[in-house]
Each structure stands twice: as structure tokens, then as C-alpha cells.
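# kindly generate the corresponding structure for this input.
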Amino acid sequence: MIGSKSTWDNLRIIPKDKMPKLTPLQESDRPALLEGLDGVISPTHQDKIWEMIWKRWCFFEQVRNQEK
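I've put the predicted structure just below:
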């Protein structure tokens, strides 16, 4: 059921032909995603936010490209 606590389970049940077509995330997207955070949170926290976003993107790509 979509909405479970497991991202893997949620993504796994979406048929491959129904996966959203997304523009791949790139390192060059980081400034736009973190815009406005300078002076609000430390660069260390911004790095952690980016790391979390990047890891989730990579996981999505892995699931999306996996054979069903």
C-alpha cells in the first residue's frame, strides 16, 4: 500500500511504465535547491541536506532502473 513507511516498498509497487519521467538531479542543481539557506543554517548542515537529497535521488534512480 502506498504510504507505508518504506520508500522501497512504495516505489516497488509502481509499475515501471508509470514511474514519473524526471530530469536527472545533478550537482549543478544544488545551489537552486539550497537557495536562501546561507546565513540561516551552517554550511555543514547544508552539506548534510544535499547529501540526504542526493542519496534519495540515487536510490530512486536505482529502483526506477531495476527490472521488475
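# can I get the lowest-mean-pLDDT helix or strand in the chain in PDB, CA atoms only?
None of the helices or strands of the chain scores lower by mean pLDDT, DSSP states H and E than helix 7-12, at a mean of 74. Extracted in PDB, the C-alpha atoms of helix 7-12 (Å, rounded to 0.1, in the frame of the first residue of the first chain):
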ATOM      1  CA  THR A   7      10.200   4.100   0.400                       C
ATOM      2  CA  TRP A   8      11.400   0.900  -1.200                       C
ATOM      3  CA  ASP A   9       8.000  -0.700  -0.800                       C
ATOM      4  CA  ASN A  10       6.200   2.300  -2.100                       C
ATOM      5  CA  LEU A  11       8.400   2.600  -5.200                       C
ATOM      6  CA  ARG A  12       8.500  -1.100  -5.900                       C
END
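# please, which helix or strand holds residue 57?
In this structure, residue 57 sits in helix 43-65 according to DSSP states H and E.
# wait, residue 24
Following DSSP H and E, there is no helix or strand that holds residue 24.
# check contacts around it.
Residue 24 is in contact with residue 61, counting by C-beta atoms under 8 Å, 6 or more residues apart in numbering. Using the backbone N, CA and C atoms, a C-beta is placed for each residue, glycine as well.
# next one: residue 12
The contact partners of residue 12, taken as C-beta under 8 Å, 6+ apart, are residue 63.
# quick check: it vs residue 40, distance?
36 Å (C-beta to C-beta, to the nearest Å).
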